[in-house]
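Generate coordinates for the sequence data below:
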Amino acid sequence: MAYHLKQASEILERTPNTLNAMLSNLSDAWIYTNEGDNTWSVFDIVGHLIHGEKTDWIIRAKMILSDSENKTFESFDRFAQFENSKGKTLQQLLEAFSELRAKNLKALKQLEITESQLDMKATHPELGEVTLKELLATWVAHDLGHMAQIARVMAKQYKDEVGPWEAFIPILNK
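Model (predicted):
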């Protein structure tokens with residue numbers, strides 16, 4: 001599928017409600033368990049999404065669209081959520097994510113991005129040259145990837161409980 005801002009927005013707009021529906025009022029066993037060493041819990045993943053809303057997508061889009069000579073992104077801290085989420089509940093994180101996403105979608109619309117602007121470029125510290133279209137498409141894929149990750153983390157909590165049905169549930173073995 002080719003990238004189109006309107007179609008991308010359909011996913012970006014739904015992510016907060018999807019997460020709220022899936023995760024609100026769950027017991028701690030669902031929220032804080034993970035898949036083993038060096039993996040993330042549902043709580044960690046939502047915290048990571050918040051960090052992205054604060055430091056990544058819109059900030060980088062505005063940089064690409066700017067007249068600035070220096071269009072090199074700052075490195076993204078993929079682990080900032082571990083410190084930033086301390087002392088918070090999952091419900092607080094879900095609310096913060098919803099608020100930040102609404103703010104960022106409003107900012108995205110206000111940018112009034114044209115088709116030609118989608119080809120504007122910046123430099124990613126690890127990936128090199130990237131376009132606005134690639135950044136915005138990644139935002140959508142990032143959401144979907146982490147929603148799939150949340151479903152996988154949760155499903156794996158019953159991996160040892162499903163018995164022979166494990167053979168029919170591929171998510172348990174990813």
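
which residues of the protein fall in strands?
Assigned strands in the chain, in chain order: 121-124, 128-131 (criterion: DSSP state E).

for this structure, what helix or strand is lowest in average pLDDT?
The least trusted helix or strand in the chain, going by mean pLDDT, DSSP states H and E, turns out to be helix 81-84, with a mean of 87.

ok, and for it, which residues are buried?
For helix 81-84, burial by neighbour count (16 or more other CB atoms under 10 Å) applies to 81, 84. Glycine gets a C-beta too; all of them are placed from N, C-alpha and C.

on that earlier part again, and of the strands of the chain, who's closest to K159?
Nearest to K159 among the strands of the chain is strand 121-124; the distance by CB to CB comes to 35.8 Å.

sorry, back to before: need the contact partners of the least confident helix or strand of the chain.
44, 46-48, 50-51 (CB atoms under 8 Å, 6 or more residues apart in numbering).

Would you pull up how far that helix lies from the middle of the chain?
Relative to the chain's own centre, helix 81-84 is displaced by 15 Å; criterion: CA atoms, centre = their mean, to the nearest Å.

Could you do stretch 53-70 as well?
With CA atoms, centre = their mean, you get 17 Å for stretch 53-70.

repeat for stretch 166-174
24 Å.

which of the strands of the chain is buried the deepest?
Between these, strand 121-124 has the highest mean count of neighbours, a mean of 17, where neighbours are mean count of other CB atoms under 10 Å.

Convert the C-alpha atoms of it to CSV, please.
Output of strand 121-124 as CSV, limited to C-alpha atoms (Å, rounded to 0.1, in the frame of the first residue of the first chain):
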residue,chain,number,x,y,z
LYS,A,121,14.6,14.8,3.8
ALA,A,122,16.5,14.8,7.0
THR,A,123,19.3,12.7,8.5
HIS,A,124,18.7,10.0,11.0
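
name the helices or strands packed onto that strand?
helix 57-65, strand 128-131, helix 132-156 (3 or more CB pairs under 8 Å, 6 or more residues apart in numbering; DSSP states H and E).

for those, which one sits closest to S116?
Smallest distance to S116 across these (CB to CB): 10.1 Å, for helix 132-156.

Could you pull out the buried residues of the closest one?
Those would be 132-140, 142-143, 146-147, 149-150, 152-156, for helix 132-156 by 16+ other CB under 10 Å.

do stretch 64-71 as well
For stretch 64-71, a neighbour-count test (16+ other CB under 10 Å) marks 64-65, 71 as buried.

from the contacts of helix 81-84, which is closest to K106?
I50 (16.9 Å).

That closest one: what's it in contact with?
81, 84-85, 93, 96-97, 100.

Mind doing that once more with 10 Å?
By CB atoms under 10 Å, 6 or more residues apart in numbering, I50 lies in contact with 80-81, 84-85, 88, 92-94, 96-97, 99-101.
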